[in-house]
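J.: Provide a 3D model corresponding to the input given below.
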Amino acid sequence: MGNHFSFCNSGSFVSWVIFPTGEVRRLRQKAKAAELMMEMPNFFLVNVKSLRIGRRLSPLNADEDLEMNGVYLYFPM
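T.: Model prediction:
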C-alpha cells in the first residue's frame with residue numbers, strides 16, 4: 001500500500017515533435033515554437049491536446065514555449 005514506481009524523471013524536460021515524414025524527435029531542452037517552425041517553413045505546429053474531431057486546428061503562436069511531456073504535430077499551411 002502506497003508503493004509507486006515511475007520511469008519519469010521530474011528533473012528532465014522532454015517533449016516530442018512528429019514531422020510530416022513520420023520522424024519523431026524527442027527534445028530534451030526547452031524550445032519555442034518559432035525555433036521548430038523555422039525548420040519546416042510551410043508548416044505550423046499543433047499540440048495534440050488541442051486536437052478535436054470536427055473542430056479547427058489551433059496552431060501554436062511563434063513565441064509559445066513547448067510544454068514538458070507535450071506532443072506536437074506539424075500540419076501544412
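
J.: so, low pLDDT: which residues of the protein?
T.: 1-11 (pLDDT under 70).

J.: where do the strands sit along it?
T.: Remark: strands assigned in the chain by DSSP state E are 15-18, 24-27, 43-47, 71-76.

J.: so which of these is nearest residue 33?
T.: Among those, strand 43-47 comes nearest to residue 33, with 5.2 Å by C-beta to C-beta. Quick note: C-beta positions are derived from backbone N, CA and C, even for glycine.

J.: that closest one packs against which elements?
T.: With contacts defined as 3 or more C-beta pairs under 8 Å, 6 or more residues apart in numbering; DSSP states H and E, the packing partners of strand 43-47 are helix 33-37, strand 71-76.

J.: out of those, which gets nearest to residue 51?
T.: Nearest of the helices and strands packed on strand 43-47 (C-beta to C-beta): strand 71-76, 7.8 Å.

J.: now the strands of the chain in a markdown table, with mean neighbour count and distance to residue 53?
T.: Listed next are the strands of the chain as a markdown table, based on neighbours: other C-beta atoms under 10 Å; distance: least, C-beta to C-beta, whole Å:
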| stretch | mean neighbour count | distance to residue 53 |
| --- | --- | --- |
| strand 15-18 | 18 | 18 |
| strand 24-27 | 12 | 23 |
| strand 43-47 | 19 | 14 |
| strand 71-76 | 16 | 15 |
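
J.: as a markdown table, these with distance to residue 37 would be great.
T.: A markdown table is the format used below for the strands of the chain (distance: least, C-beta to C-beta, whole Å):
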| stretch | distance to residue 37 |
| --- | --- |
| strand 15-18 | 11 |
| strand 24-27 | 14 |
| strand 43-47 | 6 |
| strand 71-76 | 9 |
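
J.: of the ones you listed, which is nearest residue 63?
T.: Across the strands of the chain, the minimum distance to residue 63, taken as C-beta to C-beta, is reached by strand 43-47, at 12.3 Å.

J.: fine by me, thanks again.
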